[in-house]
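Participant: Provided below are the primary sequence and the corresponding predicted coordinates.
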Amino acid sequence: MKASVSPRILMIALAAIAGTMLRLPAQDVVVQKNNLRSEGQVLGVVDGKLKIKIGPAETSIALDQVASVTKAAPAAYENALAEWQKGDGPKTLAVLKPLVDTFRGLPTSWAERASALIGEVFLSLDQIPAAEAAFANFQKAYPGAASLSDIGLARLAVSKKDFATAKAKLAPIVAEAAKVKMADSVKSATYGQAFYLMGVVREAEGAYPEALRDYLMAVTLFSEDKAVVAKAQERATFLASEKKAIVP
């Protein structure tokens, strides 16, 4: 007679299997332009190639052959954003730089935003040459991300008090944002930065009502980036109380 497995032992075994499955890391997914799909762990980007570990083996895929990548943002990305929102530039840089060095060029929204953000962090620390290099690297890695690239260049221009160049870079983004009622987190952060910077430009021009309007757009409508919101709120309060500005 065959021995039967008791329901209790079977349930314990199934629970153990389920627990093991839950502890397994989620698989990243890379889809190539020829529709070949790979699942594994995306390790980073090196010399224009995406590195992925599939089982015990590591392999490379040329980035220009990659159609899409599905990879959750690492904890370092969220930690860097948290430090940036607190206004701690040095800590943000310490967490963000290794992440960007590893994943710059990866076609995901978080890698793109991180690669754009590091230039802003360098600017906040008055490391102008490093900021210029970061913005140049971003343009090379994400040639299709015109808005984020122009935001970076506008920030650089503002830091040099080249307000005409900054305004030219920001105007199309602000015009686009004015037509949008809702935006995803990345777009919201981009639009908020554009309105804040445009507010700085208009304030430098003495156009206080228009500057106040732009600052308030960053505070109320596109408020994803809390560090930008804090700066915009500070300038809006100053214009309203000291310059008696009223939104046109």
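Facilitator: Here it is on my side, so go on.
Participant: those strands in this structure, which residues are they?
Facilitator: Ranges of strands within the chain are 28-32, 37-46, 49-54, 57-62, 66-70, based on DSSP state E.
Participant: how about the ones you listed in TSV, adding distance to Val200, mean neighbour count and mean pLDDT?
Facilitator: C-beta here means a position set from N, CA and C on the backbone, and glycine is covered the same way. Shown next, in TSV, are those (distance: least, Cβ to Cβ, whole Å; neighbours: other Cβ atoms under 10 Å; pLDDT from 0 to 100):
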stretch	distance to Val200	mean neighbour count	mean pLDDT
strand 28-32	39	17	98
strand 37-46	33	16	97
strand 49-54	38	18	97
strand 57-62	41	12	97
strand 66-70	35	16	97
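Participant: doesn't Phe103 make contact with Gly44?
Facilitator: Yes - using Cβ atoms under 8 Å, Gly44 makes contact with Phe103 at a distance of 5.6 Å.
Participant: picking up where we left off before, out of the strands of the chain, which gets nearest to Lys91?
Facilitator: strand 37-46 (22.3 Å; Cβ to Cβ).
Participant: just the helices from the chain, written as ranges.
Facilitator: Applying DSSP state H to the chain gives helices spanning 7-23, 75-85, 89-103, 109-124, 128-141, 146-159, 163-177, 185-205, 208-220, 226-241.
Participant: domain-wise, how is the protein divided?
Facilitator: 24-70, 73-144, 163-248 (automatic domain parsing).
Participant: reformat those domains as a markdown table; add distance to Arg155.
Facilitator: What follows is the domains of the chain, written out as a markdown table (distance: least, Cβ to Cβ, whole Å):
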| stretch | distance to Arg155 |
| --- | --- |
| domain 24-70 | 24 |
| domain 73-144 | 6 |
| domain 163-248 | 6 |
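Participant: of all the ones you listed, which one comes closest to Ile151?
Facilitator: So among these, domain 163-248 is nearest, using Cβ to Cβ, at 5.2 Å.
Participant: quick check: end-to-end length of the closest one?
Facilitator: 22 Å (Cα to Cα, to the nearest Å).
Participant: same question for stretch 120-134.
Facilitator: For stretch 120-134, the first-to-last residue distance is 9 Å (Cα to Cα).
Participant: and it, how far out from the chain middle?
Facilitator: Between the centre of stretch 120-134 and the centre of its host chain there is 16 Å, according to Cα atoms, centre = their mean, to the nearest Å.
Participant: again with stretch 47-55
Facilitator: 22 Å.
Participant: got a list of contacts for it?
Facilitator: 28, 30, 38-45, 58-64, 66, 69, 105-106 (Cβ atoms under 8 Å, 6 or more residues apart in numbering).
Participant: put the alpha carbons of that stretch into PDB.
Facilitator: Listed next in PDB are the C-alpha coordinates belonging to stretch 47-55 (Å, rounded to 0.1, in the frame of the first residue of the first chain):
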ATOM      1  CA  ASP A  47      30.400  51.300 -23.700                       C
ATOM      2  CA  GLY A  48      27.000  51.400 -25.400                       C
ATOM      3  CA  LYS A  49      26.100  47.900 -24.400                       C
ATOM      4  CA  LEU A  50      23.500  46.700 -21.900                       C
ATOM      5  CA  LYS A  51      24.800  44.100 -19.500                       C
ATOM      6  CA  ILE A  52      22.400  41.400 -18.400                       C
ATOM      7  CA  LYS A  53      22.800  38.300 -16.200                       C
ATOM      8  CA  ILE A  54      20.600  35.400 -17.400                       C
ATOM      9  CA  GLY A  55      20.900  32.600 -14.900                       C
END
